[in-house]
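K.L.:
Here is my input, please return the structure:
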Amino acid sequence: MAEDRLAFELVSPERVILATEAEMVVVPGIEGDFGVLPLHAPVVSLLRPGVVRVYEGSDVKTRLFVAGGFAEVNERGLTVLAEHAEAVDRIDPAEARQRLKNAEEDLADAKEPSEDERRRLERAIEIARARLEAVENPT
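P.N.:
Model (predicted):
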């Protein structure tokens, strides 16, 4: 691999979603988006729900929604282990809106949920909202 290319792999629990080389990859870190270039310093970060963007030059070549997980940068490149991942261009906007509506209704309908249940329902809303935003905002 050339020094101007970054090895990138995105893995979900089911399979390898993408294995490629890129000029830069931007991931949705828990503390904000961060870009990874070739020869990046080692780092491990939790991910929040959002979009992984794979760049070729100044153009975004691939956009992938991740529901969370973590990213590791090491001497071999960048690996993202995602709870769930899917190509943004395969997300149906109407289905994404419905999923968010359902998640919000589930929380509203919960009668005195336990703290764990409330966190689970709020997490479902966070993921559904980020997924909808990913498909509605292509940048």
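K.L.:
Okay, domains of this protein per the record?
P.N.:
Domains of the chain are assigned by automatic domain parsing as 6-88, 91-136.
K.L.:
so what's the spatially most central residue of the chain closest to, chain neighbours aside?
P.N.:
The centroid of the chain falls nearest to Val66 when counting by Cα atoms, centre = their mean (2.5 Å). Excluding the flanking residues, the one nearest Val66 by Cβ to Cβ, 6 or more residues apart in numbering is Ala82, at 4.1 Å. In this view, the C-beta of every residue, glycine as well, is placed from N, C-alpha and C.
K.L.:
Beta-bridge partners for the one you found, please?
P.N.:
Gly69 (DSSP bridges).
K.L.:
What lies in contact with stretch 100-111?
P.N.:
For stretch 100-111, the external contacting residues (Cβ atoms under 8 Å, 6 or more residues apart in numbering) are Pro113, Glu117, Arg118, Leu121, Glu122, Ala124, Ile125, Ile127, Ala128, Arg129, Arg131, Leu132.
K.L.:
Which of the helices or strands spans the closest residue to the fourth one other than its chain neighbours?
P.N.:
With Cβ to Cβ, 6+ apart as the measure, Leu107 is the residue that lies nearest to Leu121, at 4.3 Å, once sequence neighbours are left out. Using DSSP states H and E, Leu107 sits within helix 93-109.
K.L.:
Any buried residues in that helix, and which?
P.N.:
Ala96, Arg99, Leu100, Ala103 (16 or more other Cβ atoms under 10 Å).
K.L.:
now swap in stretch 21-30 and tell me
P.N.:
Ala22, Glu23, Met24, Val25, Val26, Val27, Pro28, Gly29.
K.L.:
Now do the contacts for the fourth one.
P.N.:
Pointing back at Val25 there. Val25 neighbours (Cβ under 8 Å, 6+ apart): Leu6, Phe8, Gly35, Val36, Val52, Arg53, Val54, Tyr55, Leu78.
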